[in-house]
Every structure is written in C-alpha cells, then in structure tokens.
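Trainee: A predicted structure for the sequence below; I have some questions about it.
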Amino acid sequence: MNLSQILLALLWWCVSTAAVAEETCDNAPPNDPIGIDLGHRFVFASYANSINNFTLLGVVNHKEYQRQIEELSMDHFQRSGLGKPRSGSRSTPLALLTSVMWSLFEMIDARVSISSNAYVVWTQDSIRSISDTVYGIIPVSVQRKVKSFLISRGLIKKKLSPSDVTETFTVVFAELKATSLAAHGVNVTWAVVGVPDFFNDTLRETVIRAGQQAGITILEGAVPPRSFCTHYLNPAIDQYDRVLVVHQGETHCGVQLYDGSPQRRRKGQSVYPYLPLDPWSGDRIQYRLVKELVDGDAQLKTLVVQGRDNGFLIQAVLRTRLTLKGYDPAVELLLGLEPLLEDQLGGNRDHEDGEKLNELPLNLDSWWTHGNIPDLVLTRSQITAVENNYMETLANNIQVYLQAMAEPHKTGKATKQERVDYAIILTDYFDGELVHRAVQEAIGNDVPIVGSLKDITMVAEGAARLAWTRRENLLSMRESAKTRHDEL
C-alpha cells in the first residue's frame, strides 16, 4: 500500500459509514478525540476540545526511543540512495566488510575531507557494483556466522528488529498514558497517531501493535504521516492549497509536498514523494563550526587526534552559539541547557550598555585534564557565515525538489518549480528561524510560512483534530440513525 492509498483510506475512515454502523450496532462509546505525535525527539499527546482548541495531555522524552528513531531515519536515508553505501541492506561478508571500512572512512573524513574527491566517489560506486555482482554466491549460513562475529566484536551494529521497536514504543505509550492520567485524569485508550513520514507499512504495524500492548486502540487507518496531520482539516489552510512541509531537527531533515486540488485528488496523486535531506539536520551547523575551530588551531587539532571526546567539544560550541544568539529561556530549558548558559555568563545575560556580545570563549575546563587548553573563542561572524551557508544550500535543495515535482510540459522537461500556497515548518530544534529563511528564499515572500519550536505540539493537535472529526461524524450519524428509527 503506497502513501496515497493510505491517505485515501484515512480520509474515508474519518467518515466511514460502515465503521459508524458497526459501532452503532455495538452501542460502543465514541472514540476519544486524542492525538499522539511520534516525533523524532519527543512524543506528545493532545486532547481536542474542538476543531481548534486543544489540551496538552503529556510529553515523553525517552532516550532509547530517540536513538531508535534516529537509526530508522538514517537507514531510510541510506536506502533512498542519497547516503553512504547501504551497509545494512545485504548480509554478504563483502557488504559487512564494507560496513566496517566505512566506519573507518568516516573517522578519517572527519579530520581530512576526502569524501567529495572524484576518485573516492568513483570508488564507492565501484564497491556497490562489485557487491551487486557477488551477492548470492556465499552460502547464507556463512553470511550469518560472519555477521554474528562482527556484531559480537562491535565492528558493526546490530540492526533494529521489529520486536525491538515494538518494545520501546510500548514503553513510551505506557509512560504517556501514565502522565496523561496523573496530570489530567484522562485515560488514553484510543488515539490517532502521527508517525514519521518515512515510516513504511511494517513500522506502522509496529505502532499499532505497541499501542495494543499498552492498552491503546490504534486503528489501521489511524497512523497518518506527521506532515499530513499538520494541515489536513486545519481551519487556517484551504483544503485545495498546495502545502509544503519541511521537517527539521537535530539529526533529521526532509521535505514533503501535498496538492489538495480536485484534479490531483481525483487521480489519487495529492501526495508527492517525501525527500530526506539528513545532511541539513541541525547538528551539521555545530559540526561545521567545530571543524573550523579545529582546523584553525594546531594545539586543538592535536588534542582531537589524541582521542578526546569530540561530543563534548560539539556541545560546548552549541552552548556558546546559543548564548551569542540570545535564545529565550523556553528554548534553552527545552534543550536542557539553561543552567549551563547561566553559569557561562555568570548568571547575568544583559549587559549594561545593551549591546550584544560579538564573541565568547568556549568553556573546556573539564575536557582535557593533562595540559593547558587553548584559549578558543567563538565569534558571531563565524556563526553567521556557517548559518548563511546552511540556509542557502537548504533553500537550493528545496527549489530542486519543487522543480522535480513539477509536471513536465510537452517537451518532457519541467521548466519551473511546483507552486506552493502554504508552507509549514515542523521542527523540534532551535534552528527553526534558519529553516524559515531557507523556505522563504525557495518559495518567495508572498507565501504564508508557519511553524517553529514554539509550535512543537502541532502534529499532536492535528492528530487530535482527526480524532475529533471522526468522533463528531460518528455522533452525527448515530443521531441521524436514531431519528430515522423514531420516525419508523
């Protein structure tokens, strides 16, 4: 079942006469208007009091869930053909060896940029070709033994199984239920669940199964993509609009286009392909700044080569960047950085002259205990240059996507990009303003653009809106059926 078929099923499910008749006969209570957002970072639950009024029931911040979603997202990106060699797609010893070698390559490439070299690109393509040629020659039993050995030695990662994902999702749903019951007295037993746009049928079934194990009924048609939840039945958006949804977070990025025009709907073509753009995830800005600092300081480069924790350096850069840009406390609290930022500025963010800081030193006191740390400073100009590059390249990719989605003319070539009437930014990170600029650069200043970190509950509310609509349709049809029965 493709995405268009799923959405058509969902649209029918919202007003399904058969479903209503079944529930009417059973005198079952109507579903609760509850929506759940399986985000890349957080899981939210929302209750719809009306089509545009919502109550946040709870939020779950689960580390293992985040790790699994990141792994699933990266696996989808690799399978799309846009990432590194698909090391996990086959289990031949050659493919497994390629996985080990790629891990080594990534370590080297982090210090000496070689991945863009023409010879390296040609070599990667050759490896894929050789792997395709020899696949199937080596017995499956040997393949499994080699894979088990490499996993046991930590040379490759064990691939997530559906049971692993189901177990984690069940724990998350159970925690969300407990939070909702404790905070609002609402027992979540039924919900529409917005899932990441890259989820396939297998992962959607995993969500349904996990809901059942946690005591939450999730119907087969009630697992729409997150981007669909942001705009469908949204009173602020015309149902015939072309809507562009841009996903962005710490470790993911992607674009999705919807066309609500009657012509596209009749053809079953209202949903365009989702394009993952993971190299434009939020953490890439920190990586780029770290690289500039390391390349510009010989002593720091020596410390990195000697094996110091690069993650600590990245977090130090992130904290300093946040402070220089002056993010509001709500954002910093969400990221768990507020106390650290307060300490860095001595508990006082505002300066007497009211001027913004142009630079700040990096706090690396606990990073290296065997010698002096170089006096590193992060400047506003460095941040601006990296952010502008990020924004411009993301805008270019969005334009290319829209051009590729445009219907070709008689010449067989698309001469302009697909029109956009409304744009939504779906982010759980603090670079929503950069994504907003990129989208504006790509589609123009006249198109409404909504969405930021402050709208982080948008998907949960959209899912709750779908559940509310189904509930209202169910009650309305029951009332009509009762009226006809009384007349008879």
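Mentor: Cool, got the structure. Residues are numbered from 1 along each chain as shown.
Trainee: What is the least confident helix or strand in this structure?
Mentor: For the chain, counting by mean pLDDT, DSSP states H and E, helix 338-344 ranks last in confidence among helices and strands (a mean of 40).
Trainee: Following element in sequence after that one, please.
Mentor: Counting by DSSP states H and E, the element after helix 338-344 in chain order, helix or strand, is strand 359-361.
Trainee: avg pLDDT for that next one?
Mentor: What strand 359-361 shows for mean pLDDT is 85.
Trainee: So which bits of that strand are buried?
Mentor: Leu360 (16 or more other C-beta atoms under 10 Å). Where you see a C-beta, it was placed from the backbone N, CA and C, and this is true even at glycine.
Trainee: Stretch 243-255 too?
Mentor: By neighbour count on 16+ other C-beta under 10 Å, the buried set for stretch 243-255 is 243-255.
Trainee: Flag every buried residue along stretch 274-283.
Mentor: 274-278, 280-282.
Trainee: For Gly282, grab phi and psi.
Mentor: The phi and psi values for Gly282, taken as degrees, to the nearest 10, are phi -60, psi -30.
Trainee: so how far is Gln78 from the nearest residue to it once chain neighbours are set aside?
Mentor: Distance criterion C-beta to C-beta, 6 or more residues apart in numbering; nearest residue to Gly282, sequence neighbours excluded, is Tyr429 at 4.2 Å. Per C-beta to C-beta, to the nearest Å, Tyr429 is found 22 Å from Gln78.
Trainee: okay, the two: which has more neighbours?
Mentor: Comparing Tyr429 with Gln78 by other C-beta atoms under 10 Å, the one with more neighbours is Tyr429, at 24 against 18.
Trainee: SS state for the more buried one?
Mentor: Assigned by DSSP: H, G, I helix; E, B strand; the rest coil, the conformation of Tyr429 is coil.
Trainee: same question, Gly194
Mentor: Going by three-state DSSP: Gly194 is strand.
Trainee: For burial, what's the neighbour tally of it?
Mentor: So Gly194, with other C-beta under 10 Å, has 32 neighbours.
Trainee: Give me the pLDDT for it.
Mentor: Gly194 is assigned a predicted lDDT (pLDDT) of 97.
Trainee: Strand partners (parallel or antiparallel) of whichever strand or helix holds Ile425?
Mentor: Following DSSP H and E, one finds Ile425 within strand 422-427. Strand 422-427 has the following strand partners under DSSP bridges: strand 242-248 (parallel), strand 449-450 (parallel).
Trainee: returning to that earlier point: output the buried residues of stretch 243-255 as JSON lines; include the columns pLDDT and distance to Ala460.
Mentor: As requested, the buried residues of stretch 243-255 are exported to JSON lines (pLDDT from 0 to 100; distance: C-beta to C-beta, whole Å):
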{"residue": "Val243", "pLDDT": "95", "distance to Ala460": "18"}
{"residue": "Leu244", "pLDDT": "96", "distance to Ala460": "21"}
{"residue": "Val245", "pLDDT": "96", "distance to Ala460": "15"}
{"residue": "Val246", "pLDDT": "96", "distance to Ala460": "18"}
{"residue": "His247", "pLDDT": "94", "distance to Ala460": "15"}
{"residue": "Gln248", "pLDDT": "93", "distance to Ala460": "18"}
{"residue": "Gly249", "pLDDT": "91", "distance to Ala460": "16"}
{"residue": "Glu250", "pLDDT": "90", "distance to Ala460": "19"}
{"residue": "Thr251", "pLDDT": "90", "distance to Ala460": "20"}
{"residue": "His252", "pLDDT": "92", "distance to Ala460": "18"}
{"residue": "Cys253", "pLDDT": "93", "distance to Ala460": "21"}
{"residue": "Gly254", "pLDDT": "93", "distance to Ala460": "19"}
{"residue": "Val255", "pLDDT": "94", "distance to Ala460": "21"}
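Trainee: Spell out which residues make up each domain of this structure.
Mentor: Here the domain assignment for the chain is 3-65+163-233+457-487, 89-158, 242-281+388-452, 298-375, based on automatic domain parsing.
Trainee: Quick one: end-to-end distance for the third one.
Mentor: The reference is to domain 242-281+388-452. Length of domain 242-281+388-452, first residue to last, C-alpha to C-alpha, to the nearest Å: 20 Å.
Trainee: Would you reformat the strands paired with strand 422-427 as CSV and include distance to Leu362?
Mentor: Converted to CSV, the strands paired with strand 422-427 look like this (distance: least, C-beta to C-beta, whole Å):
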stretch, distance to Leu362
strand 242-248, 25
strand 449-450, 34
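Trainee: Met405: which of the ones you listed is closest?
Mentor: strand 242-248 (9.6 Å; C-beta to C-beta).
Trainee: quick one: low-confidence ranges for this structure?
Mentor: In the predicted model, the chain carries pLDDT under 70 at residues 1-28, 81-158, 306-309, 327-355, 366-374, 407-415, 485-488.
Trainee: Please point out which parts of the longest helix along it sit buried.
Mentor: As assigned by DSSP state H, the longest helix anywhere in the chain is helix 458-487. The neighbour-count check on helix 458-487 (16+ other C-beta under 10 Å) flags 458-474, 477-478 as buried.
Trainee: quick one, what contacts Asp37?
Mentor: Counting by C-beta atoms under 8 Å, 6 or more residues apart in numbering, Asp37 touches 43-46, 193-194, 226, 229, 457, 459-460, 463.
Trainee: JSON lines please, covering those and showing distance to Leu402.
Mentor: Listed next are the contacts of Asp37 as JSON lines, based on distance: C-beta to C-beta, whole Å:
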{"residue": "Val43", "distance to Leu402": "31"}
{"residue": "Phe44", "distance to Leu402": "29"}
{"residue": "Ala45", "distance to Leu402": "34"}
{"residue": "Ser46", "distance to Leu402": "31"}
{"residue": "Val193", "distance to Leu402": "29"}
{"residue": "Gly194", "distance to Leu402": "24"}
{"residue": "Arg226", "distance to Leu402": "20"}
{"residue": "Cys229", "distance to Leu402": "22"}
{"residue": "Thr457", "distance to Leu402": "28"}
{"residue": "Val459", "distance to Leu402": "23"}
{"residue": "Ala460", "distance to Leu402": "28"}
{"residue": "Ala463", "distance to Leu402": "27"}
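Trainee: just the residues you listed now: which is nearest Ile443?
Mentor: Using C-beta to C-beta, the contacts of Asp37 come closest to Ile443 at Arg226, 20.4 Å.
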